[in-house]
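Just need the structure, nothing else, for what follows:
(chains A and B)
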Amino acid sequence: MKRQQLQRAAVTAASSVLAVFVALLISAVILLITGKDPVKAFTTLFGAAGDTRVIQGSLNRATPLMISAAAVAIGFKMNLFNIGVEGQMRVALLATAVVGAAVNLPAPLHIALCLVVAMASGAVWSGIAGWLKVKRGVNEVISTIMLNFIALSLVAWAFDDFFRVESPNESVLVKTKELPKSAWFPDLVDRRLNGMLLVAIAVLILFWVIVWKTRFGFRLRASGGNPGAARVTGVHPQRMILISMLLSGALAGLVGMRALLGDVHAYQNNLAEQQGFNGIAVALLGRNHPLGIFFSAILFGFLGEASGKLQLEDIPKEIATIMSGIIVLAVVIINEAVKRWDDRRIQRKAAAELEKVSA
Amino acid sequence: MSTTTEAGALAVELSGITKTFPGVIANKDVDLRVRAGTIHAIVGENGAGKSTLMKTLYGMHQPDEGTIRVDGRDVTFRSPTDAIAVGIGMVHQHFKLADNLTVLENVILGNEPVGSRGRLRLDDARRDIRGLMDALNVDFDLDAPVASLGVGQRQRVEILKVLYRGAKILILDEPTAVLVPQEVEELFATLKRLVSEGRTVIFISHKLDEVLTYCDEITVIRQGLTVAHTTPRAVDRRGLAELMVGSDLPNPAGRTSHVGATPVLEVHVAVAGASPGAKLALESISFTVHDGEVVGIAGVEGNGQFELCEAILGLAPMVSGSVHIAGRDLTLAGTRERITSGLSYIPFDRHREGLLLDAPLWENTLLGREDESDLSSGPFISRRRAEAESRRIIDRFGVRTPSEQVPAFALSGGNQQKLVVGREMSTAPKILLAAHPTRGVDVGAQAAIWDELRSARDAGLGVLLISADLEELIGLSDRILVMFDGRITAELDPGRATPEILGTHMTGEVQGVAQ
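Predicted coordinates for the structure are as follows:
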């Protein structure tokens, strides 16, 4: 009875793995064209997987990716493409840095307050896009892209004009006022792996429980799958759009927290840059499923971490970035092809059943 | 099986056509002989293999075995382009017109007369199309946008389009599914003109009356096989239906009244705003459905049936009026509260409003029912019990599927509809809004759904039946209300109503006459 389900899951996982292999092949060709030895490159790259420090670094890099991919995925479940995770994260970063530095609380409370502020400010920013979509029918792809630009400029201006503090020893890097120690998120491995990883994993688990196990999640998936069908059962698709946009933004707010609370402890201009955008790729590779996102985030984190080793072998470390890009492309193409094949397979089986009954 | 002598030359001859899809034999050793200058009907249930056969003839796929001869010559089609080249044209069931373009532009689309330097020669096209219209005895404003045309007229544009490409042999795939009786007559008048000019029409249908009234010859297909080749003179309605179904026919009639005294649905709409985007508003509609009663709503689609359902479901704002369900005033209640108070809804279009196509069947049977206490616990859905409920519906309503884990898109239309009907009838409803409950399902599934509706009605269910199938309306309803232009314009006694009487009311020719 559950076999079909397992088969579907296996097919899904296999197609993502296949995409990764195709990406490796294409990267090998690119390496050959540029006159580098792909075997050496790959052994260097994946040889790094045995290094504990690399593993710790990979997990640390994977932390924000897990959260931002979850933010993107919760939108996808409602058929919303939230490209604005980057902007929502940026707004949340500055808001949290300012609020966090302004108060003094016992450590757990202080961290909790920071996380709440981050989620709330991220949600406010994504809520604008959600509200525009519900009230005015503005496509969320357009509005979130625009809001990214607005967030970037707004935050840069607010930071420059109001919140920057010239630090006496580091005159080059301007930051906001440093957070008190009570707001620092503790490390799991000192200076190498921050505890936000546990928050990221908790986010993924919660995401799975809420979306797949609760009535709310069922309604969310139903309105994403077929708004018309959900509507006639009394679910308001508009309300669902707003809720999932807010949830997505709240998660987006958490994306930068590893960098802010766990690393730099103050806002600076390039903090956590690109981590919102990279979540889109991770969500795609992970097929919007928490488990898939978990492994994809680790893979991307690993590619980022291990790429440094390539330079030692005189291979440009950008090959790892290129590989990430090709993986995303391969995933999109192969997933679609595999989905069609699998749909046909299922239809064939259902058709065979029809024949069996009528025979 | 009777065979007519072949007087005219054969326009189309398909011999021994076999086409298999993975796991399914769609056509097996099918023979079809269509004489030139005739209207030739191909009848069969949904899924009998009619469309597969026509796709073979139109070059949309290649047969595994068998030969195609057109005008006496062997042909092989690699694509529809090859079929069009030998003069075959197809009018699809779902029109393929661009709403924002004019009639003229639609007709020439894909086959534009191009002059020197790529300029369109619209005047030539206009002249050619006028010629075709004269021959067909139809008249259009060629510069009117297609969006402004009615369904029947759009179909005529589709036919013009096919003729403009030089088709001698026209395939029409269930052309009357979307038409009212009067439009059907006009369509056949057009088709008669076509055949009198020497063209040939292949007409796919499962509406037996039309086939018997208007067609010259009939080929019956059942489960992928040709089971008969006959003529309207050689067979009657019942005989033809039995050829098609291969067993005894379901009978919608044979009804005794079970109407109770308790109102289960009272609707009084003074004015209801239509859903956003729709033009139509409801006005002065007032009726009551009692327990054990089936009230039929007849009407051409787009005359307020959909808006009425929206108003009853609480999805469209009601300016003034009231809705009582099972004795409770729910005028101000939300949709979910109305549903839990005993309202159930079989939607107009199962794909648009009834199913989550990518979700497994068990999730589909949970849709709208996730609040039921035996299908959930606390904030969580109970997957195990939802699956059990799904299996129960699959068994009870004869949904043919490998299991409840299969996604809904894998099922055939009839089985999807049975699942939707099963779900909506499993909530112990007091009042069921059934919009086209058997649309697009085969005769077997239709009989099963009718049986379920009847036995639920006998047990006290009130049904508001909206249907375009007049036989279904007359057969199941205790009384029939006719909707026209957002109002109820007539109440008819199904015992005395005929499709013709209904047709005159539905088109607004007669208003407000109670029979």
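
and residue 208, what does it touch?
Defaulting to chain A. Contact partners of A:Trp208, counting by Cβ atoms under 8 Å, 6 or more residues apart in numbering or on different chains, are A:His289, A:Pro290, A:Leu291. Just so you know, the C-beta spots here come from the backbone N, C-alpha and C atoms, and that holds for glycine as well.

that's the wrong chain, I meant chain B
B:Leu208 is in contact with B:Val43, B:Arg237, B:Leu240, B:Ala241, B:Met244, counting by Cβ under 8 Å, 6+ apart.

hmm, try it at 10 Å
By Cβ atoms under 10 Å, 6 or more residues apart in numbering or on different chains, the residues touching B:Leu208 are B:41, B:43, B:218, B:235-241, B:243-244, B:471.

Now do it against B:Pro232, distance only.
Using Cβ to Cβ, to the nearest Å, we find B:Leu208 at a distance of 10 Å from B:Pro232.

likewise B:Glu210?
Going from B:Glu210 to B:Pro232 by Cβ to Cβ gives 10 Å.

of the two, who's got more company?
B:Glu210 (21 against 17; other Cβ atoms under 10 Å in any protein chain shown).

quick one, what contacts the closest residue to that one other than its chain neighbours?
With sequence-adjacent residues excluded and distances taken as Cβ to Cβ, 6 or more residues apart in numbering or on different chains, B:Glu210 is closest to B:Thr176, at 5.9 Å. B:Thr176 is in contact with B:Gly152, B:Gln155, B:Glu183, B:Val184, B:Leu187, B:Phe188, B:Phe203, B:Ser205, B:Lys207, B:Glu210, B:Val211, B:Tyr214, counting by Cβ under 10 Å, 6+ apart.

picking up where we left off before, from the contacts of A:Trp208, pick the one nearest chain B.
A:His289 (14.1 Å; Cβ to the nearest Cβ).

In the stretch 1-150 of chain B, where is pLDDT below threshold?
Residue ranges of the stretch 1-150 of chain B with pLDDT under 70: B:1-8, B:21-25, B:46-47.

so how many other residues sit close to residue 209?
Unless you meant another one, I'm taking chain A. When counting by other Cβ under 10 Å, one arrives at 14 neighbours for A:Val209.

Switch to chain B, please.
By the criterion of other Cβ under 10 Å, B:Asp209 has 15 neighbours.

Quick check: closest non-adjacent residue to it.
Spatial nearest neighbour of B:Asp209, chain neighbours left out: B:Arg237 (6.8 Å); criterion: Cβ to Cβ, 6+ apart.

what does the stretch 101-250 of chain A have sitting close to chain B?
For the stretch 101-250 of chain A, the residues in contact with chain B (Cβ under 10 Å from any Cβ of the partner chain) are A:209-210, A:212-219, A:221-236.

which SSE is residue 54 in?
No chain was given, so I picked chain A. Per DSSP states H and E, A:Val54 falls inside helix A:52-76.

Chain B was what I was after
Judged by DSSP H and E, B:Met54 forms part of helix B:50-57.

next one: that helix to chain centre, how far?
Relative to its chain's centre, helix B:50-57 lies at 19 Å (Cα atoms, centre = their mean, to the nearest Å).

Could you look up the next helix or strand downstream of it?
Counting by DSSP H and E, what follows helix B:50-57 is strand B:65-70.

Could you please name the strands that following strand pairs with and the direction of each pair?
Strand pairing for strand B:65-70, using DSSP bridges, gives strand B:10-21 (antiparallel), strand B:73-75 (antiparallel).

quick one: buried residues of the last one?
Of the residues in strand B:73-75, those scored as buried under the neighbour-count criterion (16 or more other Cβ atoms under 10 Å in any protein chain shown) are B:Val75.

how far does it sit from the chain's center?
Using Cα atoms, centre = their mean, the offset of strand B:73-75 from its chain centre is 34 Å.

what's in contact with that strand?
B:Glu13, B:Leu57, B:Gly59, B:Thr67, B:Ile68, B:Arg69, B:Asp82, B:Ala83, B:Ala85, B:Val86, B:Ile88.

Out of the residues you listed, who's the most crowded?
B:Ile88 (29 neighbours).

on that earlier part again, now do the helix or strand just after the helix holding A:Val54: which elements does it pack against?
Sequence-wise, the next helix or strand downstream of helix A:52-76 (DSSP H and E) is helix A:85-102. For helix A:85-102, the packing partners by 3 or more Cβ pairs under 10 Å, 6 or more residues apart in numbering or on different chains; DSSP states H and E come out as helix A:52-76, helix A:107-136, helix A:140-158, strand A:175-176, helix A:237-255, helix A:257-259, helix A:275-285.

Pairing partners for the very next helix or strand once past the third one, with directions?
Toward the C-terminus, helix A:140-158 is succeeded by strand A:164-165 as the next helix or strand (DSSP H and E). Strand A:164-165 pairs in its sheet with strand A:175-176 (antiparallel), by DSSP bridges.

Could you tell me which of the residues of the stretch 101-250 of chain A next to chain B count as buried?
A:210, A:212, A:214-219, A:221-227, A:229-236.

Which pLDDT value does the model give the residue of the stretch 1-150 of chain A found nearest chain B?
Ranking the residues of the stretch 1-150 of chain A by distance to chain B (Cβ to the nearest Cβ) places A:Gln4 first, at 4.5 Å. Confidence at A:Gln4, expressed as pLDDT, is 70.

residues near it, how many?
17.

Not counting its neighbours along the chain, what's nearest it?
Spatial nearest neighbour of A:Gln4, chain neighbours left out: B:Gln405 (4.5 Å); criterion: Cβ to Cβ, 6+ apart.

still on that earlier bit, most neighbours among the contacts of B:Thr176, which one is it?
Most surrounded of the contacts of B:Thr176: other Cβ under 10 Å gives B:Phe203, at 27 neighbours.

What residues sit buried inside the helix holding A:Val54?
A:54-76.

And stretch B:377-386, by the same measure?
B:Phe380, B:Ile381, B:Ser382, B:Arg383, B:Arg385, B:Ala386.
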